[in-house]
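Colleague: Predicted model and sequence follow; I will ask about them next.
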Amino acid sequence: MTTAACPGSFDPVTLGHLDVIGRTAALVEHVVVAVGRNASKRSLFSAEERVAMLREVCAPWPNVTVELLDGMLVDFCTSRGITVVSKGLRSAADTDYEVQMAQLNRRLSGVDTLFLATSPELSFVSSTRVRELAAYGADLSALVPPLVAERTRAKVRAGS
C-alpha cells in the first residue's frame with residue numbers, strides 16, 4: 001500500500017492545498033496530511049485548530065487522514081511507513097527550495113518526493129496572502145473553503 005504525506009503549516013488551509021491533497025489522494029492508496037508545528041513561526045491558528053479544520057475539509061476523501069507533525073518530516077514518514085511526500089509547486093522559487101529539500105529527505109531516509117504543479121487558477125494562492133487579505137476584510141471565497149474563510153475572519157477580528 002502506497003501512503004503519501006502532504007506536509008505543510010496550513011495556516012490556514014487554502015484551496016491550493018486542497019487541490020494538491022485531492023490530486024494526491026487520487027494517485028495513492030492513503031494520504032496523511034502532516035500539519036507542522038513550528039515554534040519559530042507566529043501562527044494565526046494553533047496546530048490543533050489547523051488539524052481540526054483540515055479534518056473537516058478533507059472529509060470527502062475517505063483515504064485522507066490528518067495528523068500533527070512534531071519534529072522532522074523524514075522521521076514522521078519513517079515511523080509510519082510513508083514512502084512518498086507530495087508537494088505542490090507554484091513557481092520556480094518553490095521548485096528551487098523544494099528540490100533541495102527533496103534531495104536531502106531522500107538522502108536522510110530514502111523517502112521520495114512527488115511534485116505536482118499547482119493548478120493555474122490557484123497558483124497565486126498562499127496562506128500568507130489569505131491572512132493579509134483577511135486583515136483588510138477582503139473576500140476570501142476564491143482562496144479558501146467557506147468554513148476556513150469564516151474562522152479566519154473571526155480569528156483576525158479577535159486579534160485586532
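Modeller: Okay, I see it. Numbering: from 1, shown residues only.
Colleague: where does the residue most central in space within the chain fall, phi/psi-wise?
Modeller: Residue closest to the average C-alpha location in the chain (C-alpha atoms, centre = their mean): residue 8, at 3.8 Å. Note on residue 8: its backbone torsions stand at phi 170, psi 170 [degrees, to the nearest 10].
Colleague: hey, what's it bridged with?
Modeller: Judged by DSSP bridges, the bridge partners of residue 8 are residue 35.
Colleague: mind showing which ranges of the chain have poor pLDDT?
Modeller: 160 (pLDDT under 70).
Colleague: and residue 116, which of the three is it?
Modeller: Following DSSP: H, G, I helix; E, B strand; the rest coil, residue 116 is assigned to strand.
Colleague: The chain: helices as residue ranges?
Modeller: Along the chain, the segments classed as helices by DSSP state H run 15-25, 47-57, 73-80, 92-109, 127-135, 146-159.
Colleague: Can you add distance to residue 67 and mean neighbour count and give these back as TSV?
Modeller: Any C-beta I mention is one placed from the backbone N, CA and C, and that applies to glycine too. Formatted as TSV, these follow (distance: least, C-beta to C-beta, whole Å; neighbours: other C-beta atoms under 10 Å):
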stretch	distance to residue 67	mean neighbour count
helix 15-25	13	21
helix 47-57	7	19
helix 73-80	8	17
helix 92-109	17	13
helix 127-135	19	17
helix 146-159	19	15
